[in-house]
Each structure stands twice: as C-alpha cells, then as structure tokens.
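**Student:** how would this look folded up:
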Amino acid sequence: MRDKLATVMKESLKAKDVRRVSTVRLIQAAIKDRDIANRGNGKDPVSDDEIMQIFVKMIKQRDESAKIYADNARPELAAQELEEIAIIKSFMPEQLPEEKVRALCASVIDETGAQGLRDMGKCINTLKERYSGQMDFAKASSVVKDLLK
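**Tutor:** Numbering: from 1, shown residues only. Below you'll find the predicted structure:
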C-alpha cells in the first residue's frame, strides 16, 4: 500500500493534480503519525489493514466536515471534502453491497454461535478481521444487532 501511495504521489506531481497531491500527502502523514505512535509502544510499523482503518477514519472525518460546510452555506468547502473522500476511496477495495453485508453478518453469527446481544462484539471483531476496509462497520453493527434480537 505504501508503494502504491508513493507511485500515485509521483504521478500526481507530474500531472500537477493539486488536490490529489495534497490528499496523498495527508494520507502519508497520517500513516507516519501512526508509525511513530506504534514505535513508542514497541509495535511494528503500520500494516495494510491498519492503513485501511486510517482510510475509513479519514473518510468519516471528511464526511462530517462536508456536512458541516453544507449546513453553513459553504458549498465550495463541502465539494473539496467530497473530492478528498473520492481520492481516499480510490485506494480502498470495493465496498460490499448491503445484501452481501447482511449475508456475511448472518454467517458470522452462525459460525461464532452468538446467542444474544452480549455476543455482538465477538461477531463484529470477526467481521473486522476478515473484511477490513470492505464494509461500513457501523452499518454491519446495526445488521448484527437486528439479527441477534
């Protein structure tokens, strides 16, 4: 993933794509921050799975910012945030459709033998291990909650 980011950075610089360059720099800075935090805790550098988690967090932050800008009559800033979301999503694997998420949640519930809401964390952790970056876990959480009721 780091190699892909470096390649995209070079291509974007050559193409003079200012928005893509700034977004990739933000991504690389976030990864470097996590690397430094891990080094302080004696952990390894950030893995690709952790990079996916960083992407999800960055998308969520930009989505919230875009809503705030739109609510406060700043459509140009909201559009900028949405452009950054599109760039970040281009590095992520394809998101699973809602029907597939529902089916995967049901199969994980069967696999783990979950009986009630107290087993919800076990199900979500299993989904995160297997499908990190491929599904919205807030939505998956509500699906699991519905299925366990």
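**Student:** the helices in the protein, which residues?
**Tutor:** Using DSSP state H, the helices of the chain run over 2-15, 18-40, 48-71, 75-89, 98-112, 120-131, 137-148.
**Student:** so what touches the second one?
**Tutor:** For helix 18-40, the surrounding residues in contact (CB atoms under 8 Å, 6 or more residues apart in numbering) are 2, 5, 8-9, 12-13, 44-46, 50-51, 54-55, 58, 80, 83-84, 87-88, 91. C-beta here means a position set from N, CA and C on the backbone, and glycine is covered the same way.
**Student:** do the same with the fifth one
**Tutor:** Residues outside helix 98-112 that contact it (CB under 8 Å, 6+ apart) are 96, 114, 119, 122-123, 126-127, 131, 135-136, 139-140, 143-144, 147-148.
**Student:** considering those residues, which possesses the most neighbours?
**Tutor:** In terms of neighbours by other CB atoms under 10 Å, the contacts of helix 98-112 top out with Val144 at 27 neighbours.
**Student:** for it, give me its contacts.
**Tutor:** 105, 108-109, 120, 123-124, 127.
**Student:** what's the distance between the spatially most central residue of the chain and Ala6?
**Tutor:** When the chain is reduced to its mean C-alpha position, the closest residue under CA atoms, centre = their mean turns out to be Val56, at 1.7 Å. According to CB to CB, to the nearest Å, Val56 and Ala6 sit 21 Å apart.
**Student:** in the contacts of helix 98-112, which has the lowest confidence score?
**Tutor:** Confidence by pLDDT is poorest for Asp136 among the contacts of helix 98-112, given 80.
**Student:** quick check on the residue nearest to it when sequence neighbours are not counted: phi, psi?
**Tutor:** Spatially, and ignoring its direct neighbours in sequence, Asp136 is nearest to Gln95 (7.3 Å; CB to CB, 6 or more residues apart in numbering). With angles defined as degrees, to the nearest 10, Gln95 sits at phi -70, psi 140.
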